[in-house]
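Engineer: test case, fold it:
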Amino acid sequence: MRLDGSELVSLLHVLRDPLAVHLYLLLLVQMQYSEGHFLGTYARLMDLMTPPAPERGRRRAGPTYKQLRNALESLVSAGMVRRDERNAEQGQLRLWLASRKKAKKTA
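Structural biologist: Numbers count the residues shown, from 1 in each chain. Coordinates of the predicted model:
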């Protein structure tokens, strides 16, 4: 996985939100690289963003649904993620990111 300079500028200098950075990296890892397509749920993302349970003591809390929605909205407003128009009617979280597939070199 690689990040372009423009992505780093948007994440670290424009948004400056650790939750948005965490969410963006998770989306990159979970998406289909050839198409830039992510299909999942908020519950799954919340689970992935919650720290694992320690051997002793309480498990630290992960982000709330509202915090996750706000982080996603920040990424959408920065132009890094695009929502599918049919998310609500299908009951899914379908997102589009820039494809990571490298163009084939032709000789």
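Engineer: when you work out contacts or count neighbours from here on, use the C-alpha atoms and nothing else.
Structural biologist: OK.
Engineer: show me the helices in this structure, by range?
Structural biologist: Along the chain, the segments classed as helices by DSSP state H run 5-9, 18-30, 42-48, 65-77, 87-90.
Engineer: can you lay out the ones you listed as TSV showing mean pLDDT?
Structural biologist: Conversion of those to TSV gives the following (pLDDT from 0 to 100):
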stretch	mean pLDDT
helix 5-9	92
helix 18-30	94
helix 42-48	93
helix 65-77	95
helix 87-90	65
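Engineer: of all those, which one is nearest L97?
Structural biologist: Checking those against L97 by Cα to Cα gives helix 18-30 as the closest, at 7.7 Å.
Engineer: rewinding a little: which one of the helices of the chain lies nearest to R56?
Structural biologist: With Cα to Cα as the measure, helix 42-48 is the member of the helices of the chain nearest R56 (19.5 Å).
Engineer: quick one: list the elements packing against the closest one.
Structural biologist: Based on contacts counted as 3 or more Cα pairs under 8 Å, 6 or more residues apart in numbering; DSSP states H and E, the elements that helix 42-48 packs against are helix 65-77.
Engineer: can you pull the buried residues of the helix it packs on?
Structural biologist: In terms of neighbour count (16 or more other Cα atoms under 10 Å), helix 65-77 has its buried residues at L68, A71, L72, E73, S74, L75, V76.
Engineer: still on that earlier bit, which of the helices of the chain sits closest to K101?
Structural biologist: Relative to K101, the nearest member of the helices of the chain by Cα to Cα is helix 18-30, separated by 12.1 Å.
Engineer: what would that closest one look like as CSV? C-alpha coordinates only.
Structural biologist: Below are the C-alpha coordinates for helix 18-30, written out as CSV (Å, rounded to 0.1, in the frame of the first residue of the first chain):
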residue,chain,number,x,y,z
PRO,A,18,-6.5,10.9,13.8
LEU,A,19,-9.9,9.1,13.5
ALA,A,20,-10.2,10.1,9.8
VAL,A,21,-6.6,8.9,9.1
HIS,A,22,-7.3,5.6,10.8
LEU,A,23,-10.6,5.2,8.9
TYR,A,24,-8.9,6.1,5.5
LEU,A,25,-6.1,3.5,6.1
LEU,A,26,-8.7,0.9,7.0
LEU,A,27,-10.7,1.6,3.9
LEU,A,28,-7.6,1.3,1.7
VAL,A,29,-6.7,-2.1,3.2
GLN,A,30,-10.3,-3.4,2.9
